[in-house]
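> below are the sequence and a predicted model for it; my questions follow.
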Amino acid sequence: MEERSGSAAPPAPPTDTPGAGSLTTPRKAFFSTVTLGLGGIEYIVAVFLLKYYTDYTGLAIEWAGLALLLGKAFDAVSDPVMGYISDHYKTPWGRRRPWFFVGVLPLAVSFIGMFSADPLWSQTQLFLWLLATNILFWVGTTMVMVPHAAFASEMTETHQERISVMGWREGFLASGLITGGFAMFVLLERAEEGAVALATAAGLAGDAVAEAVRIARGEAHGDITLWFGLLTLVLGLVSFLGTREEGGRRAPPRETLFGDFGDTFRSRPFRWLTIAWVIGQVADGLTASLALFTLEEWWGFEAPHPRFILIGYMAMATVSIPLWMRVARHFDKAHTYAACTFMAALALLGMLLVPTIGLWWAYATLYFAGFSLGGRMVPGMAIVPDVIDDDEVRTQTRKDGAYFGMISLLRKLARSLAIGLSGVGLGYFGYASGVLEQSPEAIQGIRIMFCVVPAIACTISALLLLRFPINRKRHEEIQQALRERYAAAERLQ
């Protein structure tokens, strides 16, 4: 087995090793609390931001897609840096834990700012405002999520507990997604109803009422996001205060930024995982950014069905997480991940038949897709600590932050690519903002980008995951090698 020459022997494990036993339920709950807020605001950004800028502010869809694409691409460089900082940064409160609260400050401010644009601004002003706030938003997300994921990796070392920790983390994240989506749909519908009542009372009709609804809906975004931003601040503080960070049997990271991240791509399991994972993230990004366009423009559903469908989708993901945790504990994580990704591809292909079969089929296929999402959320993140263990055996260094920083970078690049493709693709197929009915070419574009392309991507991702090189047997071999190394270091001391 390859080892890096000249590396220092790892320190002996202290008596109180975080990964030595099972973790208490309160500890996992407090640790996961911050993701509840992040899930809510990330859902709002993924589903509502593009349509807010095109339908309310009047920013051309090509410019909106480009701003989001550039924002995430620019922000991606912060992920490796944040991973390196959290591996080396030391405070009286630990390396990772302070970022749970510090990071939500720019996150909340930029989130509120993104939905505070003035429709009277020029196209250039709107573009630059969206670009700047989007960059700050994702930088804040990085400051929280990279140390948070790295901390989860360090909390335990067993196959079962890693599934449990990641299950709690992803469960809180999914619950936040549901909360954010439900609140936005309900409050925006109330704003629309109020605007219709006022416009009707004023004697308006037709296009005048539609314009009043558009303005009211746009202005309501600002009020809703203000409260969600403040809630996220509070949850970040709760997670910081309720979590403790202990020492553990961890080999020190390397001392150079590029050395750490060079090691990530020298890891064959990591390269294999990231190719499959990035392809899947592009598929998820396309479906998220085009969900409202599909429900409202292609399928022609009116309130309250879009709300019930999308919230039900996330609810199915959330309630299925405990089931998938049990499955992943007994089978290979990668095989569980692959099976659920195949299920997502089948659901997407089934959605092509919604206009033919009808409303109930939309509910059935979206809820089935949500069920598969729950199975992708847990093992997808739980695999990464196994890859980090394999790297520690190979290099004699431990770099959780570097690996999760790279995962975050690749996720953002994949999602930014998906959002950019959504905006540019809609423009290419002739999507027109603010019209009552889209052209057949625009509907065909939505159909291709929401169903066909993501289904193909999910299939490719699943096939790659079936060939992932770390299975349960290999994981036990890695853990045994680490135990022997630590025991040898302890005897030397």
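Everything's here; your move.
> low-confidence ranges, the stretch 301-450 of the chain, go.
For the stretch 301-450 of the chain, the stretches with pLDDT under 70 are 434.
> now the strands for it?
Assigned by DSSP state E, counting those that start in this stretch, the stretch 301-450 of the chain shows no strands.
> ramachandran angles for Glu302?
Phi and psi for Glu302, reported as degrees, to the nearest 10, are phi -110, psi 170.
> in space, what's closest to it - neighbours in sequence excluded?
Glu296 (7.9 Å; Cβ to Cβ, 6 or more residues apart in numbering). Using the backbone N, CA and C atoms, a C-beta is placed for each residue, glycine as well.
> burial measure for that neighbour, as a count.
Counted with other Cβ atoms under 10 Å, the neighbours of Glu296 add up to 16.
> thought it was touching His305?
No. Contact criterion Cβ atoms under 8 Å: Glu296 and His305 do not qualify, at 9.6 Å.
> ok, the nearest residue to Leu426 once chain neighbours are set aside - contacts?
Counting by Cβ to Cβ, 6+ apart, the nearest residue to Leu426 once its immediate chain neighbours are dropped is Ile61, at 5.5 Å. Contact analysis of Ile61 by Cβ atoms under 8 Å, 6 or more residues apart in numbering lists Leu50, Thr54, Gly423, Leu426, Gly427, Tyr431, Ser433.
> any quick PyMOL command for the buried ones out of the residues you listed?
Per 16 or more other Cβ atoms under 10 Å, the buried members of these correspond to this PyMOL selection:
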select buried, resi 50+54+423+426+427+431+433
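> mind putting the contacts of Ile61 into CSV with distance to Leu310?
Formatted as CSV, the contacts of Ile61 follow (distance: Cβ to Cβ, whole Å):
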residue, distance to Leu310
Leu50, 15
Thr54, 18
Gly423, 20
Leu426, 19
Gly427, 24
Tyr431, 20
Ser433, 21
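> what about the contacts of Ile61, which are in helices?
Among the contacts of Ile61, the members found in helices (DSSP state H) are Leu50, Gly423, Leu426, Gly427.
> now name the helix or strand holding the residue lying closest to Tyr56 once chain neighbours are set aside.
Leaving aside its sequence neighbours, Tyr56 sits nearest to Gly218 (Cβ to Cβ, 6+ apart; 2.9 Å). If you go by DSSP states H and E, Gly218 is part of helix 207-242.
> could you give the number of residues near Leu105?
As a burial measure, Leu105 scores 15 neighbours (other Cβ under 10 Å).
> which residues touch it?
By Cβ under 8 Å, 6+ apart, the contact set of Leu105 is Gly140, Leu233.
> what mean pLDDT does the helix or strand hosting it have?
For Leu105, the element it lies in under DSSP H and E is helix 104-114. Over the span of helix 104-114, the pLDDT mean works out to 92.
> who does the helix or strand just after it touch, helix- and strand-wise?
The helix or strand immediately downstream of helix 104-114 is helix 123-155, counting by DSSP H and E. Applying 3 or more Cβ pairs under 8 Å, 6 or more residues apart in numbering; DSSP states H and E, one finds that helix 123-155 makes contact with helix 25-52, helix 61-75, helix 78-88, helix 99-102, helix 104-114, helix 159-201, helix 359-395, helix 400-428.
> go again with 6 Å.
Contact analysis of helix 123-155 by 3 or more Cβ pairs under 6 Å, 6 or more residues apart in numbering; DSSP states H and E lists helix 61-75, helix 78-88, helix 104-114, helix 159-201, helix 400-428 as its packing neighbours.
> thinking again about what came up before, and the angle from the helix holding Gly218 to helix 159-201?
150 degrees (axes from the mean of the first three to the mean of the last three Cα atoms, to 10 degrees).
> now do the buried residues in helix 207-242.
Quick answer for helix 207-242 (16+ other Cβ under 10 Å): 209-210, 212-214, 216-218, 220-221, 224-225, 228-229, 231-233, 235-236, 238-240, 242.
> helix, strand, or coil at the residue nearest to Glu302?
Classification of Glu296 by DSSP: H, G, I helix; E, B strand; the rest coil places it in helix.
> could the helices and strands packed on helix 123-155 be laid out in CSV, adding distance to Phe31?
Formatted as CSV, those follow (distance: least, Cβ to Cβ, whole Å):
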stretch, distance to Phe31
helix 61-75, 25
helix 78-88, 15
helix 104-114, 15
helix 159-201, 7
helix 400-428, 15
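> pLDDT at the nearest residue to Leu70 once chain neighbours are set aside, what is it?
Among residues not flanking Leu70 along the chain, Leu131 sits closest, at 6.0 Å (Cβ to Cβ, 6+ apart). Per-residue pLDDT puts Leu131 at 93.
> next one: Leu131 from Ala117, what distance?
Noted for Leu131: a distance of 11 Å to Ala117, by Cβ to Cβ, to the nearest Å.
> looking at the two, which one has more neighbours?
Taking neighbours as other Cβ under 10 Å, Leu131 and Ala117 compare with Ala117 leading, 22 against 18.
> quick check, that one in contact with Gly58.
No. Applying Cβ atoms under 6 Å as the test, Ala117 and Gly58 come out as separate, 9.8 Å apart.
> and for the two, which residues touch both?
Both Ala117 and Gly58 lack any common contact, where contact means Cβ atoms under 6 Å, 6 or more residues apart in numbering.
> follow-up on the earlier one: right, and the residue nearest to Tyr56 touches Thr57 too?
No. Contact criterion Cβ under 6 Å: Gly218 and Thr57 do not qualify, at 7.2 Å.
> against Ile407, how distant is Asp390?
15 Å.
> the more surrounded of the two?
Between Asp390 and Ile407, counted using other Cβ under 10 Å, Ile407 has the larger neighbour count: 27 against 23.
> once you drop chain neighbours, what's closest to the more buried one?
Residue nearest to Ile407 in three dimensions, not counting chain neighbours: Val384, with 6.2 Å by Cβ to Cβ, 6+ apart.
> neighbours of the one you found, how many?
The tally of other residues near Val384 (other Cβ under 10 Å) stands at 26.
> also Ile460?
17.
> what is in contact with Leu131 and Ala117 at once?
Counting by Cβ under 6 Å, 6+ apart, nothing touches both Leu131 and Ala117.
> in stretch 312-331, what counts as buried?
312-318, 320-321, 324-325, 327-329.
> stretch 453-462 now?
Neighbour-count burial for stretch 453-462 flags Val453, Pro454, Ala455, Ala457, Cys458, Thr459, Ile460, Ser461, Ala462 (criterion: 16+ other Cβ under 10 Å).
> ditto for stretch 301-313
By 16+ other Cβ under 10 Å, the buried positions in stretch 301-313 come out as Phe301, His305, Pro306, Arg307, Phe308, Ile309, Leu310, Ile311, Gly312, Tyr313.
> kindly report the same for stretch 344-351.
Ala344, Ala345, Ala347, Leu348, Leu349, Gly350, Met351.
> how about the residue lying closest to Glu441 once chain neighbours are set aside, what does it touch?
Distances taken as Cβ to Cβ, 6+ apart put Gly430 closest to Glu441, at 4.7 Å, once the chain neighbours are dropped. Contacts of Gly430 were listed using Cβ under 6 Å, 6+ apart, and they are Ser439, Glu441, Ala442.
> mean confidence score for stretch 471-480?
84.
> for that stretch, give me every contacting residue.
Here stretch 471-480 makes contact (Cβ under 6 Å, 6+ apart) with Asp332, Asp386, Asp389, Asp390, Val393.
> now the residue lying closest to Leu464 once chain neighbours are set aside: which helix or strand?
Leaving aside its sequence neighbours, Leu464 sits nearest to Ala276 (Cβ to Cβ, 6+ apart; 3.8 Å). Assigned by DSSP H and E, Ala276 belongs to helix 268-289.
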